[in-house]
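K.L.:
Pasting the sequence and the predicted model now:
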Amino acid sequence: MTDSPIATLARPEARPLPAYNAGLSNEAVRARYGVTDIARLASNENPFGVSPAVRQALAGVADAVGNYPDAHCTALRQAIAERSGMAADRLVFGNGSEDLIKILCEVFLSPGDLVVTQRPVFGLHEIYPRMMGAQVELLELDAELGFDIDAWCAAMAKAPKIAFLPNPSNPVGCMMDVAQFARVLEATPGSTILVVDEAYYEYALHDEDYPDVLAMLAARQGPWIVLRTFSKAWGLAGLRVGYGMADSAAFVQLLDKVRSPFNVNLAAQRAALAAWSDPTHMRSGVATTVALREALRHELKALAAPGGPLQGLRIAPSVANFLFLDIGRPNGPVTEALLRRGVIIKPWKEPGFEHFLRVSIGTEQDNARFVQALLVAMAEPVAV
Ligand SMILES: *Cc1c(COP(=O)(O)O)cnc(C)c1O
């Protein structure tokens, strides 16, 4: 592909960046495939809706939008500080936690710096470092589609500037347990900024071996930040609110210099505060999703047995709100067949993972539709 004239003006780091694979909108799928009813299982969204408190908070927003939002998210900051026990000045807020990943890269990375993360990769853990000219080392999974702790420890010995550790991983869903995280922590030099991305924290808490990373990091000599989001368990993906909990106020002050001052909009702040005030609603949706995930796993496992219609299908371990499946054939035609039946999933496009797809856990009805559509799609002969 030849660069357009405008591309020749771009920074050499920006020009070759891949486009983020953000997935299809319901409208695009309706228009392209002529389906009306859609099972939206591509973006790990929460299908159970927000707390009534969020509806109420948003009802008054129109009267307030003439004013700028609070640049420091004061009310939300206080509420999260109170329940988490984290000092308020160690919290930082983003327009989604994606925003915080970008800010971290902008603050700390110079051309040639080393960044380490997991493969298959959450796109932005690779794209934003490369945008700053960093070298990104992607670590492979082990044979069971879990974290390879030896590989993580070996990579840490190279003293990367930043390590992005997604726990659990997206797209795989696997987690580092207490003992594994302790080993990686031990291997991490004090000069490495350890970023633990806990986008699926609330789901993973259902696993008793999921580490209390904040407690384990408390004793660390070295910089760290843990990222969480309102987009998944709290059901606010459309409003964009994420937050980070850092080792120190000094860390947050650095991020504040680069952060766009009004990065969390007024509606988002109000909605997040209201959602946070109703953890019971959040926990109920999460518990339902975890139960539905296990039900889907069992159903797929039975279908994958020898002689079954999905024989050979591999299901990665997951403590999150999605499953990562090795369907044993190119995912493109299967994705198309699912779309024709109104089921949107995420085919993984990274080299080496073209036989995998990620399906989010939806409602019971959505998941059933996915299984039915997958059975039909996999019964079609593989195109050669
Ligand atoms: C979904 C996700 C995020 C962030 O989402 P935001 O909507 O930007 O808060 C961050 N990291 C991972 C690994 C995710 O899957």
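P.N.:
Nice, I can see it. Numbering: from 1, shown residues only.
K.L.:
domain assignment for the chain?
P.N.:
Using automatic domain parsing, the domain parsing of the chain gives 7-36+280-379, 52-278.
K.L.:
what's the most buried one of those domains?
P.N.:
Across those, the average number of neighbours (mean count of other CB atoms under 10 Å) peaks for domain 52-278, which reaches a mean of 19. C-betas here are computed from N, CA, C, even on glycine.
K.L.:
what is the mean pLDDT for it?
P.N.:
Averaging pLDDT along domain 52-278 gives 98.
K.L.:
For it, measure first residue to last.
P.N.:
Distance across domain 52-278, first residue to last, is 9 Å (CA to CA, to the nearest Å).
K.L.:
quick one: that domain near the ligand?
P.N.:
Yes - judged by CB under 6 Å from any ligand atom, domain 52-278 comes into contact with the ligand through 96-98, 122, 166, 170, 197, 199, 229, 231-232, 237, 242.
K.L.:
chain center to that domain: distance?
P.N.:
10 Å (CA atoms, centre = their mean, to the nearest Å).
K.L.:
before we move on, what about stretch 338-353?
P.N.:
Relative to its parent chain, stretch 338-353 has a centroid offset of 17 Å by CA atoms, centre = their mean.
K.L.:
Next: stretch 48-59.
P.N.:
Averaging C-alpha positions (CA atoms, centre = their mean) puts stretch 48-59 23 Å from its chain's average.
K.L.:
outside of that stretch, which residues touch it?
P.N.:
Here stretch 48-59 makes contact (CB atoms under 8 Å, 6 or more residues apart in numbering) with 234-236, 267, 270-271, 273-275, 277-278, 281-282, 284-285, 288-289, 363.
K.L.:
Mind checking which of the residues of domain 52-278 next to the ligand are in helices?
P.N.:
Within the residues of domain 52-278 next to the ligand, residues falling in helices by DSSP state H are Ser97, Glu98.
K.L.:
give the contact list for the nearest residue to Arg40 once chain neighbours are set aside.
P.N.:
In space, Arg40 comes closest to Ile344 once its chain neighbours are excluded; the distance is 5.5 Å by CB to CB, 6 or more residues apart in numbering. With contact set as CB under 8 Å, 6+ apart, Ile344 has these partners: Gly23, Leu24, Asn26, Val29, Ile38, Ala39, Arg40, Leu41, Ala42, Leu338.
K.L.:
Ala159: which of these is nearest?
P.N.:
Closest approach to Ala159 among these (CB to CB): Gly23, at 35.5 Å.
K.L.:
what about the closest one, which helix or strand?
P.N.:
Under the criterion DSSP states H and E, no helix or strand holds Gly23.
K.L.:
Please name the residues that touch the residue nearest to it when sequence neighbours are not counted.
P.N.:
Nearest residue to Gly23, sequence neighbours excluded (CB to CB, 6+ apart): Ala42, at 4.5 Å. Ala42 is in contact with Gly23, Leu24, Ile344, Ile345, Lys346, Arg358, Ser360, counting by CB under 8 Å, 6+ apart.
K.L.:
wait, doesn't Gly308 sit right on Leu300?
P.N.:
No - checked against CB atoms under 8 Å, the pair Gly308 and Leu300 is beyond contact range at 9.7 Å.
K.L.:
which of the contacts of Ile344 come close to the ligand?
P.N.:
Among those, no residue is within reach of the ligand (CB under 6 Å from any ligand atom).
K.L.:
So which of the residues you listed sit within strands?
P.N.:
Judged by DSSP state E, those include Ala39, Arg40 as members of strands.
K.L.:
Any chance of CSV for the contacts of Ile344, columns pLDDT?
P.N.:
Putting the contacts of Ile344 into CSV (pLDDT from 0 to 100) gives the following:
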residue, pLDDT
Gly23, 81
Leu24, 87
Asn26, 92
Val29, 93
Ile38, 95
Ala39, 97
Arg40, 96
Leu41, 98
Ala42, 97
Leu338, 97
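K.L.:
Tell me the one among the contacts of Ile344 nearest to Val178.
P.N.:
Val178 has its nearest neighbour among the contacts of Ile344 in Leu41, at 30.6 Å by CB to CB.
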